[in-house]
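In: quick one: sequence and predicted model below, then my questions.
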Amino acid sequence: MEQEIQSFHLKIDSTNRGGVFFSGKKEDVIQFAIHTKFASRVNLQLIHDNAETYEEFYTKATELPWEKYIGPNVSFRIDAETKDKLKNSEFTMHRMKDAILDRLRAKKVPLPEIEKRMADITIVVRSHTDRFSIELSLSGDPVGRRGYRLHAGSAPVREPIAQAMLEMSDWKEGETLVDPMCGSGTVLIEAALRERLYGEINRFLFAESPVFQILFPTYVFSERKKEKPSKPHLFGYDIDVEAIRIAKENAYEAGVEDFVHFEVGNCLTLKNSFGPKGHLVTNPPYGDRIGKPMEDLREMYFQFGRVLKNEFGGWKFTVLCADFSLLGKFGLKENKHISLKHANLKAKIVDYELRGGK
Ligand SMILES: C[S@@+](CC[C@H](N)C(=O)[O-])C[C@H]1O[C@@H](n2cnc3c(N)ncnc32)[C@H](O)[C@@H]1O
C-alpha cells in the first residue's frame, strides 16, 4: 500500500491501524484514486482535532462547510468507528448527523436524504483518546468494492487482495493468466480491468461519485478502453457450474466479458494448452471457509501439485491460502510470500516458480 502511494509522488504522513495517511498535490491524489489496486477506501480528512465531550465534537463538526459537500439532491450516511472520549458510536453518529443538518439549516440549504445503507456520500468519524477525525469517502462506496460483483459465489477474495495476488505473481497486461479454481472470477476480472481501462481500474466508480465531482469539478475522465484482445490470454476454470455462471455474470457487469474465457473444468485434469510461459494465480478451497473434509483437501492439494509439476514447468504459480499445512502438500519450493488477513483469518499469498519447462 505504502509503495503504491509513493509511486504517485504522494507523501506518507503516518501509518496506523486506521490506514495510511498521506498528502500531496490534487492531481496526484486524483491519479492515485483512479489507479489504486490495493486501497479499500480513499477518504479525505476534513478535520483532526480534540474533543473531550460529545458537545465539543458537535460544535467542531458544525464549523465544517457541509454546504460545500452536500447538496439537496444527494443522500448521505455516517460510519462511526469511535472509542475513548466518544465511546458511544451510535450517539456520535447522531451528533454528527445533527451537526450536518443544523449547519445546512443555518445556511438555508435544502436538507438532503439520510440513508443507513447505500448513499451518495459516506462520512466517516473516528476517535481515539481525546482525538477525533471526520473524513469524506471520495468514492461513496468503498473503492475496493468495484461494484461489478452482483453475486459473490461461495468464498470470494476481496478485489484488493486479488490485485495483491496478481502483483505477487508479477503478472503484466498481455501475459497469459490462468485461475484453475476461479470461483466468481475475481482474480481474472481484476486483471481484465487493468487491461481494458489502461490501469484506471476505479475510473467508473469515481466518475459516478458526487463527492469526487464536487471536489474536482474540472477533472475530465479518459474514455480510453482497450478493445477485445486479438488472442485470448485470461482463462478461468471451476468444477462448479454455478460458480462459472456467476463469474461470467460478474465479468459482464464489469464490462470485461470479452477479455476472459470462463469454462467448467477440474483443475486436477488441467492440461497446459496455453504455452511455455504464464501465470497461475488462484485461491483454492481451504478448510474453514468451504467446509470440505480435510483429508480430501490434502489429497487435492497433493494431486494439484503434480499437475503443476507435470504440465506447467517454467510458469509462475501464486496462491492465497489460510491453511498453511495444506500448502506443504503441493511439494513445491516457495519463492516468496506475504502475510495478510483474509475473511478474518491469518492468510498468506505464496509465490512459487515452477521448475522445468522449455
Ligand atoms: C475459495 S473458492 C475461489 C474463490 C474465488 N477466488 C472468488 O473470488 O470467487 C475455491 C473454488 O475452487 C473450486 N474448486 C474446488 N475443487 C476444484 C477442482 N478440483 N477443480 C476446479 N475447481 C475446484 C470451488 O468450486 C470454488 O469455487
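Out: Cool, the structure landed.
In: buried sites along stretch 329-337?
Out: 329-330, 332, 337 (16 or more other CB atoms under 10 Å). Quick note: C-beta positions are derived from backbone N, CA and C, even for glycine.
In: so how far is the helix or strand in which Ile244 is found off the chain centroid?
Out: In the assignment (DSSP states H and E), Ile244 maps to helix 241-254. For helix 241-254, the gap between its own C-alpha mean and the chain's C-alpha mean amounts to 18 Å (CA atoms, centre = their mean, to the nearest Å).
In: pull that helix out as PDB, backbone CA atoms only.
Out: C-alpha atoms of helix 241-254 as PDB (Å, rounded to 0.1, in the frame of the first residue of the first chain):
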ATOM      1  CA  VAL A 241     -21.200 -25.000 -12.900                       C
ATOM      2  CA  GLU A 242     -22.900 -22.300 -10.700                       C
ATOM      3  CA  ALA A 243     -19.500 -20.600  -9.900                       C
ATOM      4  CA  ILE A 244     -18.800 -20.300 -13.700                       C
ATOM      5  CA  ARG A 245     -22.200 -18.900 -14.300                       C
ATOM      6  CA  ILE A 246     -21.600 -16.200 -11.600                       C
ATOM      7  CA  ALA A 247     -18.100 -15.500 -12.900                       C
ATOM      8  CA  LYS A 248     -19.500 -14.800 -16.400                       C
ATOM      9  CA  GLU A 249     -22.200 -12.600 -15.000                       C
ATOM     10  CA  ASN A 250     -19.700 -10.600 -12.900                       C
ATOM     11  CA  ALA A 251     -17.400 -10.200 -15.900                       C
ATOM     12  CA  TYR A 252     -20.300  -8.900 -18.000                       C
ATOM     13  CA  GLU A 253     -21.200  -6.500 -15.200                       C
ATOM     14  CA  ALA A 254     -17.500  -5.300 -15.100                       C
END
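In: let me know the angle separating the helix or strand just after it from helix 241-254.
Out: As assigned by DSSP H and E, the chain's next helix or strand after helix 241-254 is strand 260-264. Going by axes from the mean of the first three to the mean of the last three CA atoms, to 10 degrees, strand 260-264 is angled at 160 degrees with respect to helix 241-254.
In: show me the shaky parts of the stretch 151-300 of the chain.
Out: Applying pLDDT under 70 to the stretch 151-300 of the chain flags residues 152-153, 288-293.
In: residue ranges of the helices in it, please?
Out: Using DSSP state H, counting those that start in this stretch, the helices found in the stretch 151-300 of the chain span residues 159-169, 186-196, 203-207, 210-215, 241-254, 287-290, 294-311.
In: just to revisit the earlier point, check whether the helix holding Ile244 contacts the ligand.
Out: Yes: using CB under 6 Å from any ligand atom, helix 241-254 reaches the ligand at Ala243.
In: coming back round to it: deepest of the helices of the stretch 151-300 of the chain, which one?
Out: helix 186-196 (a mean of 26; mean count of other CB atoms under 10 Å).
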